[in-house]
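> got a sequence here, can you model it:
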Amino acid sequence: MSKSVALLASALLGLSVLPASPALAADPAPAVGDLPSAGGAAVAEFRRQVDALYRMKEAAFARDDADTIVDRFYTRDAITFGPEGKPVIGREAFRDEYRNVVKIANVKVEPVATHVGTDAAWEWVNFRAFPKDKTQKPFTFIMLFVFAKKDGHWVSGGDAYTVGEFPKAG
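Numbering: from 1, shown residues only. Presented below is the predicted three-dimensional model:
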């Protein structure tokens, strides 16, 4: 492992590979607290638009329609990656992936935790897959969608996912 990769990995994992600075050790930064959020009307509009995007995506999966998902849900420069760590970057790469993925399952997107800012938002969801091959069992991804507002419309700049499920609230 190169020195720069080791330094980055240790920083991301919270390990120290450099001598601690006495000034930093003596005066830790205060906790950050909550992120700034958009107001109630903006959050309601986000919810309305994004729920419509999710329903569009679910319907497109049911029709094996990769193009609608790629062209209407994601930005041209969107990025996704899953547990294997292989990023898919850009609309044409998404299209190649989705042309195969939509054939596998119908889906249901269930929001779990949301943060809406003025022009950016993200949402954690349970992304439930119901295989079209009825001999296969349903499965769920924990998924994080990243959204941005463009010309008053929310669109996804990408997502990340892993196999798993958020527990039911309550």
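> residues of the helix or strand where residue 154 lies that come out buried?
Using DSSP states H and E, residue 154 falls within strand 153-163. Residues of strand 153-163 classed as buried: 154, 155, 156, 157, 158, 159, 160, 161 (neighbour count, 16 or more other Cβ atoms under 10 Å). All C-beta spots, glycine's among them, are computed from the backbone N, C-alpha and C.
> tell me if I'm right that the fifth one and residue 79 touch.
Yes: contact between residue 158 and residue 79 holds when scored by Cβ atoms under 8 Å: they sit 4.0 Å apart.
> just name the shakiest helix or strand of this structure by mean pLDDT.
Of the helices and strands making up the chain, the lowest-confidence element is helix 3-12, at a mean of 45, by mean pLDDT, DSSP states H and E.
> which stretches of this protein have low pLDDT?
1-27, 170 (pLDDT under 70).
> can you map out the strands along it?
Ranges of strands within the chain are 74-81, 88-89, 105-116, 120-131, 139-150, 153-163, based on DSSP state E.
> contacts for the longest helix seen in the chain next, please.
Secondary structure of the chain per DSSP state H: the longest helix is helix 40-62. The contact list for helix 40-62 (Cβ atoms under 8 Å, 6 or more residues apart in numbering) reads 37-38, 65-66, 68-69, 72-73, 102, 105-109, 111, 114, 116, 118, 121, 123, 147, 153-156.
> can I get that helix in PDB? Just the C-alpha atoms.
Below are the C-alpha coordinates for helix 40-62, written out as PDB (Å, rounded to 0.1, in the frame of the first residue of the first chain):
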ATOM      1  CA  GLY A  40     -42.000  22.800   5.800                       C
ATOM      2  CA  ALA A  41     -43.300  23.800   2.400                       C
ATOM      3  CA  ALA A  42     -40.000  23.000   0.700                       C
ATOM      4  CA  VAL A  43     -39.900  19.600   2.500                       C
ATOM      5  CA  ALA A  44     -43.500  18.900   1.400                       C
ATOM      6  CA  GLU A  45     -42.600  19.700  -2.200                       C
ATOM      7  CA  PHE A  46     -39.600  17.500  -2.100                       C
ATOM      8  CA  ARG A  47     -41.700  14.700  -0.700                       C
ATOM      9  CA  ARG A  48     -44.300  15.200  -3.500                       C
ATOM     10  CA  GLN A  49     -41.800  15.200  -6.300                       C
ATOM     11  CA  VAL A  50     -39.600  12.400  -5.000                       C
ATOM     12  CA  ASP A  51     -42.500  10.100  -4.300                       C
ATOM     13  CA  ALA A  52     -43.600  10.700  -7.900                       C
ATOM     14  CA  LEU A  53     -40.100   9.800  -9.100                       C
ATOM     15  CA  TYR A  54     -40.200   6.600  -7.000                       C
ATOM     16  CA  ARG A  55     -43.600   5.600  -8.400                       C
ATOM     17  CA  MET A  56     -42.300   6.300 -11.900                       C
ATOM     18  CA  LYS A  57     -39.200   4.200 -11.200                       C
ATOM     19  CA  GLU A  58     -41.300   1.300  -9.800                       C
ATOM     20  CA  ALA A  59     -43.600   1.400 -12.900                       C
ATOM     21  CA  ALA A  60     -40.600   1.500 -15.300                       C
ATOM     22  CA  PHE A  61     -39.200  -1.600 -13.600                       C
ATOM     23  CA  ALA A  62     -42.500  -3.400 -14.100                       C
END
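> good, we can wrap up now.
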